[in-house]
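Visitor: Fold the following, please.
(2 chains)
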Amino acid sequence: MFINWLVAPLHYEFMQRGMIAAVLVGIVCAMVGTYVVLRGMAFFGDALAHTILPGIAIGYLITGGARDTLFWWALGTAVLAALGIGAISKQAAVKEDTAIGIIFAGMFALGIALISTVRSYAVDLSHFLFGDVLGVSAQSLWLIIIFGSVILLTIGAFYKEFLTLSFDPVLAATLRLPVNLLNNLLLCLIAVTVAVSLQTVGVALMVAMLVTPAATAYLLTKRLPMMMALSALFASLSGVIGLYLSYYLSIASGAAIVLTATAFFVISFLVKRIKPG
Amino acid sequence: MYPHSNHQTDKPILDVRHVSVRYAGRTALENVAFHLHVGERIAVVGPNGAGKSTLFKVISGVLQPDSGEVTISGSRPTVHSCIAYIPQRSQVDWNFPVSVADVVMMGRSAKLGPLNWPKKRDWDFVNHALETVEIGGLSNRQISQLSGGQQQRMFIARALAQEAELMLMDEPLTGLDTPAQEGLLDLLDTLREQKVTVMVATHDLEQAAKHFDRIMLLNKKIVAFGDPLRVLHSENLLSAYGGRFRAVEGKGGVLTVDDSCCDEGEHDHVH
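Guide: Model prediction:
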């Protein structure tokens, strides 16, 4: 019975692709999200996700709505926006979060304005905002696999550098590690993650994938490798469970994934409250 | 890839020449000049906002002075990875998900070089450093489980793992009880045998007089620098501390200063 219940949705190829995409995106977001949480970059991640909307919109207008090319538009805009926001936040004219807030809302509005020039905009806009993981094509899945692997390999390759920089930037500087380069590399990793995750959870819910599984893991362990592993576990479980919920309860897939991740956080939080330590 | 420069042994380990630093038009350091020899132990004392942290940041090459220059064994600080800056405990995120050994291993990030993972030799280095500071049994603890004194020892171990030759310690005694302070100062004595040069910023004039070769009295500029008994007389202290100064005759005829506040305002300016 239960097996049937589990297997039935997988007869559909779009469900298989959606599952794989959701799990991969979950793992990538969870790894990058560990640093987002530890370095207090949640607002940056949220802003970055919203800021790429005009880029997607321009791609959408130029290509007439071809989904597969949108990844490249998202990727280009995300990297530019990440480095741009990174550079702007070093200027002291306004406070960093104020500067990010102004840019992010302005760019987001520009994106909506551009998309609203198309008659069928409501449907497409909701895909960009909230994701459409069941619409992932085989080609998109390959892009997720390739760029997801690049992100994971980079995090592994620079593990000790990112760890040192995140815990004690002054130590990183006195060890003469290339601090600016590493900071920008991390911003780029977050940017690529945003582009990779776009179709799964969409712009508006992206921050949940970056922050929630990592924060859940942080409640349960005080070791970075374990935090990364648990974070990846919660994220991929959220992807799978979320998709089943989406299938059987007919709710939006991105929202279902994020709600599952949130439930994991709430449960961990309550468990931690009842049984501290 | 990560730079490290060879030392010219005929040059002082640290030479500070006419260094001035200004933040937003406010003077933090003015025309500071001195030099240290290998293995010396210096206490830097002065009121809050005297520029102690700023001086350390300039020496470690994290902050560029507006004028003047700093050399470490003959070359500028930014080519050296042998300078350890030990932060104030209040500046550290103690909930960061790392163990004591993880933190000490961070000191080896530069020596390891890019793309390399720690090898047995590096773990030996870390364990030996932890033994030296007498917290070998705590290497697997999460850092939030350490006492204040143990936290300081962990950072000294990290500096040893870094193979530091110049240690800059920012208020290491602040917030520790007397036994922990004494233990830490004894530990610094053993470092002397390893030819590590140590500069310690502190509020405690009595400890400074008892345990250090020379004392630098700093208030944006160097008020006095030299033998503790020569430096710590009321005229100098009045000049450094101004109205906040209240002299008390302490043990061994050394003056102590009632300047109990410890919230340093100067850290927030540097990133």
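
Visitor: where do the helices sit along the chain?
Guide: Assuming you mean chain A. Along chain A, the stretches classed as helices by DSSP state H are A:2-7, A:13-38, A:42-51, A:53-63, A:67-88, A:96-115, A:121-130, A:138-157, A:159-167, A:169-174, A:179-220, A:224-249, A:253-274.

Visitor: To clarify, I was referring to chain B.
Guide: Secondary structure of chain B, counting by DSSP H: helices at B:52-59, B:100-106, B:109-112, B:120-132, B:148-161, B:178-192, B:205-211, B:228-231, B:234-241.

Visitor: What is the burial count for A:Gly40?
Guide: Using other C-beta atoms under 10 Å in any protein chain shown, A:Gly40 has 9 neighbouring residues. Any C-beta I mention is one placed from the backbone N, CA and C, and that applies to glycine too.

Visitor: List phi and psi for it.
Guide: Torsion angles at A:Gly40 (phi, psi; degrees, to the nearest 10) stand at phi 60, psi 50.

Visitor: Compute the distance between it and B:Phe212, please.
Guide: To B:Phe212, A:Gly40 is 38 Å away according to C-beta to C-beta, to the nearest Å.

Visitor: what pLDDT does the residue of the stretch 101-250 of chain A found nearest chain B get?
Guide: At 3.9 Å from chain B, A:Leu175 is the closest residue in the stretch 101-250 of chain A, using C-beta to the nearest C-beta. With respect to pLDDT, A:Leu175 has a value of 94.

Visitor: Now it. Nearest residue, chain neighbours left out?
Guide: Closest residue to A:Leu175 apart from its sequence neighbours, by C-beta to C-beta, 6 or more residues apart in numbering or on different chains: B:Ala110 at 3.9 Å.

Visitor: rewinding a little: so which of the helices of chain A gets nearest B:Val16?
Guide: Closest to B:Val16 of the helices of chain A, according to C-beta to C-beta: helix A:169-174, at 16.4 Å.

Visitor: Output the below-cut-off pLDDT ranges for the stretch 101-250 of chain B.
Guide: Scanning the stretch 101-250 of chain B for pLDDT under 70 picks out B:243-250.

Visitor: In it, what residue lies closest to chain A?
Guide: Nearest residue of the stretch 101-250 of chain B to chain A (C-beta to the nearest C-beta) works out as B:Ala110 at 3.9 Å.

Visitor: My guess is B:Glu134 contacts B:Thr190. True?
Guide: No. B:Glu134 lies out of contact with B:Thr190 (C-beta atoms under 8 Å); the separation is 9.6 Å.

Visitor: Neighbour count for those two, which is higher?
Guide: For the pair B:Glu134 and B:Thr190, the greater number of neighbours falls to B:Glu134 (15 against 12), based on other C-beta under 10 Å.

Visitor: Mind splitting chain B into its structural domains?
Guide: Under the assignment automatic domain parsing, the domains of chain B span B:1-82+B:165-271, B:96-164.

Visitor: Can you tell me which of those is packed in deepest?
Guide: domain B:96-164 (a mean of 20; mean count of other C-beta atoms under 10 Å in any protein chain shown).

Visitor: can you give me the end-to-end distance of it?
Guide: End-to-end distance for domain B:96-164, by C-alpha to C-alpha, to the nearest Å: 24 Å.

Visitor: Pull the distance from it to the chain's centre.
Guide: Remark: domain B:96-164 is offset 18 Å from the chain centroid, using C-alpha atoms, centre = their mean, to the nearest Å.
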